[in-house]
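Fold the stuff below for me.
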Amino acid sequence: MTLESIFKLQQAPVSFIPHAAVQREIILSEALSKSSEQDEQIQRTGSRLADSVTRWTLPLYLRTNVKIQSQWPGLYQCESKDDGSQPTSDKWTWAYWMLHRHPEVERVAMVDAATVTLNQNPFPEMDADCLYVADELNELEDLQLLTQTIPEVNSFIVHNSRLQTLNPAVIAGERGIVLELLSGLITLKRTMTADQINNLTDLSLFNYVLYRYFTQRLGHGRLVTSIMSFNQHETNAWFKLQ
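This next block holds a predicted model:
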């Protein structure tokens, strides 16, 4: 079969699920409104993040249930019909399947649209097999422990209370290690009961998985993010946190 004959076909000559190819380095985020009163705030949030990302000529794939008036050519809105509150529609599951459907993606940064803007292009500086995340000034002992959560998570936090708290406001790295983290988080959640899911904060689960399975492959600090909750005006970090 020649190229000319392929172009004349009415359908593809192979069986596959078609998708629009995305770039090799992308930013993922979500901005979901839980009520019509939040729509305007969500639009501002998405616009602010898009402005910071596209000025570096990087694409932003934003999962949202609010139409954001786009003046940025690098903003791609991924329509969502829910508010992300269901366990099967949370941000980690969405990001996992986004990457799964797009094997062309080589590096990715997942960011919290409400608190993060892009300050530098992080991708040229990333090391292979290193997972970059945000951090806090707090220690694990400051996390709230609830009796309904998974016992090993509570036990880990109690016995490692002096470790610095890591935060999922930023998750970045090469495709393989980000998928490894996401699959670990999703798999652990699937073993939990409904009560455990409702009573376990994402922050507790996130720190448990990171310190348990990624200790030697973590990168965080002022190279990655500015100081959380300080809203630094001057920073050379890749990501600026509010």
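
any low-confidence regions in this structure?
Scanning the chain for pLDDT under 70 picks out the ranges 1-21, 70, 81-89, 144-149, 193-201.

Now do the helices in it.
Under the criterion DSSP state H, the chain carries helices at the ranges 3-7, 39-54, 91-101, 151-159, 175-190, 194-199, 202-213.

Identify whichever of those helices lies nearest to residue 242.
Residue 242 sits nearest to helix 39-54 of all the helices of the chain, at 9.9 Å, using Cβ to Cβ. For glycine as for every other residue, the C-beta is placed from the backbone atoms N, C-alpha and C.

burial of residue 106, as a residue count?
A count of neighbours around residue 106, defined by other Cβ atoms under 10 Å, yields 13.

again but with residue 220, I slipped
Residues within reach of residue 220, counting by other Cβ under 10 Å, total 18.

Then residue 121?
Taking other Cβ under 10 Å as the criterion, the count of residues near residue 121 is 15.

Who are the contact partners of it?
Residues near residue 121 by Cβ atoms under 8 Å, 6 or more residues apart in numbering: 56, 58, 238.

one more time with 10 Å
Taking Cβ atoms under 10 Å, 6 or more residues apart in numbering as the contact definition, residue 121 lies against 25, 53, 55, 56, 57, 58, 109, 238.

next one: residue 124
When the contact criterion is Cβ under 10 Å, 6+ apart, the partners of residue 124 are 25, 107.

what does residue 216 give?
Contacts were defined as Cβ under 10 Å, 6+ apart; by that measure residue 216 touches 129, 130.

now the helices of the chain as CSV including distance to residue 79 and mean neighbour count?
What follows is the helices of the chain, written out as CSV (distance: least, Cβ to Cβ, whole Å; neighbours: other Cβ atoms under 10 Å):
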stretch, distance to residue 79, mean neighbour count
helix 3-7, 31, 8
helix 39-54, 13, 19
helix 91-101, 12, 18
helix 151-159, 34, 15
helix 175-190, 21, 18
helix 194-199, 25, 13
helix 202-213, 24, 19
